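Colleague: When you get a sec, could you give me coordinates for this:
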Amino acid sequence: MRMKNFKSSGVAQTSPDSESGPYRGFPIRRCNQAGTACRLEVGDTAGWKPALRVTAPPFTLRPLPSALRIPHSAFRTSRGGFTMIEIAISLAIIAFALVAIIGILPFGMGVQRENREETIINQDTSILLDAIRNGDQGLDDLANYVLGITNTQTWYPAAGRPTAPNIYKYTSFANFYSGKPTINPGAVIVGLLSTPKYVPWYQSGKQGVPSRFEGFFSNHVVATIRSMSGSASDKPPQNNPSVADMAFTYRLICEVVPYGSGNPQVPYSSAWAPDWTNYTVYPNASDRLWRSNYFRYAQNLQADLNEVRLLFRWPASPNGALGSGRQAVRAVTAGPLLPLNPTDPTFSNPGNPSTLYFVQPKTFVRAQ
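Modeller: Residues are numbered from 1 along each chain as shown. The predicted structure follows:
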């Protein structure tokens, strides 16, 4: 089919090769090659040239209804600041937060101080406890930290009321009792801290007469100690009194309690059941056997077992007032507690308050 040039306008057009198809009967505007004469025929496909030109119909903008219009003020940039009410509310919130923080700050600082003091107490506890349990006589450096030791001794007779207590004081620079040693060297400190809580007293009888129990002494040993741990600025050889007074100081109550004395009149004698060890009143051989075994077992514990109790109170002020800090430590010693005075053997008397006691540590093995 020979195609002819033509111009088209109005609608989009395509040209099929035959009169059949979906475009049959579609109105087509035909023009000659010069483009001057055009006619519209239906179904005529000869001598036309397809072309595509879309012409948009003319239109005009119509104004929107007033209900759909957006005011021009919505597109403007706001240049306003905070109002006084908003500023006042912000300041109130900040002030409330600051008051809460300032209120918690002293509590946090107090907790930090308590933790530091407990750490110092725990470190000093290990030093003092090891010295007592091992009967150490070479810790002369203790005299630089122990300010004084007081022993309040009360006599409890076997018959009658207890006497008024006597107070014996020991310091590193003076002693308040005739013939009493000072707390220098360190062996005197360990010996005084190892003083038993209860010391039984027996009156030696004549030949053929057994010793008679007369009563016992009760000892209450208290030591004032400047901390051995902590800041190095207040430790020896620092001798400035102002700096020393600001150092952390605590009070120690030391009790060394034997396992038992075997005497029912002594307070700590009830460490074991008397019926288990009194084998002489049982005629049956089997009862006497196991009770005699417990008797020997109790004797070994009585001779070699002591309980050490350390009660710490802190801080101790120069005027003697004590703070709220409190800690108790308990341990046992394996070895006899023997009276001994390394400076003067004449004071090695259980009834003399200047007598020093030292634990003689032992190592026990299982019998084969």
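Colleague: ranges for the helices of the chain?
Modeller: Shown for the chain, the helices assigned by DSSP state H span residues 84-134, 186-193, 241-245, 274-277, 285-304.
Colleague: Below-threshold pLDDT in the stretch 1-150 of the chain: ranges please.
Modeller: Applying pLDDT under 70 to the stretch 1-150 of the chain flags residues 1-64, 66-80.
Colleague: Going by neighbour count, list what's buried in the lengthiest strand in the chain.
Modeller: With DSSP state E setting the assignment, residue counts place strand 212-226 as the longest strand in the chain. For strand 212-226, the neighbour count (16 or more other CB atoms under 10 Å) marks 213-226 as buried. C-beta here means a position set from N, CA and C on the backbone, and glycine is covered the same way.
Colleague: could those residues be laid out in JSON lines, adding distance to S90 and pLDDT?
Modeller: JSON lines is the format used below for those (distance: CB to CB, whole Å; pLDDT from 0 to 100):
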{"residue": "F213", "distance to S90": "83", "pLDDT": "79"}
{"residue": "E214", "distance to S90": "83", "pLDDT": "84"}
{"residue": "G215", "distance to S90": "78", "pLDDT": "85"}
{"residue": "F216", "distance to S90": "75", "pLDDT": "86"}
{"residue": "F217", "distance to S90": "73", "pLDDT": "88"}
{"residue": "S218", "distance to S90": "69", "pLDDT": "91"}
{"residue": "N219", "distance to S90": "68", "pLDDT": "93"}
{"residue": "H220", "distance to S90": "63", "pLDDT": "95"}
{"residue": "V221", "distance to S90": "63", "pLDDT": "95"}
{"residue": "V222", "distance to S90": "58", "pLDDT": "96"}
{"residue": "A223", "distance to S90": "58", "pLDDT": "96"}
{"residue": "T224", "distance to S90": "55", "pLDDT": "94"}
{"residue": "I225", "distance to S90": "54", "pLDDT": "95"}
{"residue": "R226", "distance to S90": "52", "pLDDT": "93"}
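Colleague: looking at the helices of the chain, which is closest to A143?
Modeller: helix 186-193 (5.6 Å; CB to CB).
Colleague: average pLDDT across the closest one?
Modeller: Averaging pLDDT along helix 186-193 gives 90.
Colleague: pull the CA atoms of that helix into PDB?
Modeller: Extracted as PDB, the C-alpha positions of helix 186-193 are listed here (Å, rounded to 0.1, in the frame of the first residue of the first chain):
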ATOM      1  CA  GLY A 186      55.000  -4.300 121.200                       C
ATOM      2  CA  ALA A 187      55.100  -7.600 123.200                       C
ATOM      3  CA  VAL A 188      53.500  -5.800 126.100                       C
ATOM      4  CA  ILE A 189      50.600  -4.800 123.900                       C
ATOM      5  CA  VAL A 190      50.000  -8.300 122.600                       C
ATOM      6  CA  GLY A 191      50.300  -9.700 126.100                       C
ATOM      7  CA  LEU A 192      47.700  -7.300 127.500                       C
ATOM      8  CA  LEU A 193      45.300  -7.800 124.700                       C
END
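Colleague: Perfect, I'm done here.
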